[in-house]
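Asks: Based on what follows, work out the 3D shape:
(one chain, ligands or ions: 1)
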Amino acid sequence: MQPQPQQFVPPSPACTRCGRFATWYAQTAQWGCDHCQVPVVPLQPVDTGSQAGMIVLKIFLFILMVGVIVAIKVGIRGAFR
Ligand SMILES: [Zn+2]
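Replies: Predicted coordinates for the structure are as follows:
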């Protein structure tokens, strides 16, 4: 058997039944437990609610920055008039 080329394999999740580390099956592109013979769905640690909140915060900060830049430009233009 030839060594497989480096490919992306996410960190191994634990089986929800027995707690063993799951095995990555490239054929089906999913995790599975060798012991229980069941597919293992990794838990999503990222809270989508807080992530959406971060996006809203970033958009708000971006708008705030644009507003400050526009205000400075307008102020400079007014000073030279
Ligand atoms: Zn298991």
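
Asks: Phi, psi for Tyr25 please.
Replies: phi -110, psi 110 (degrees, to the nearest 10).

Asks: what's the spacing between stretch 61-76 and its chain's center?
Replies: Relative to its parent chain, stretch 61-76 has a centroid offset of 31 Å by C-alpha atoms, centre = their mean, to the nearest Å.

Asks: and the nearest residue to Tyr25 once chain neighbours are set aside, backbone torsions?
Replies: Nearest residue to Tyr25 in three dimensions, chain neighbours excluded: Gly32, at 5.2 Å (C-beta to C-beta, 6 or more residues apart in numbering). C-betas here are computed from N, CA, C, even on glycine. For Gly32, the backbone dihedrals (degrees, to the nearest 10) come out as phi -150, psi 150.

Asks: Could you report the neighbour count for Gly32?
Replies: Using other C-beta atoms under 10 Å, Gly32 has 16 neighbouring residues.

Asks: Roughly how far does it sit from Ala22?
Replies: Remark: distance between Gly32 and Ala22 (C-beta to C-beta, to the nearest Å) = 6 Å.
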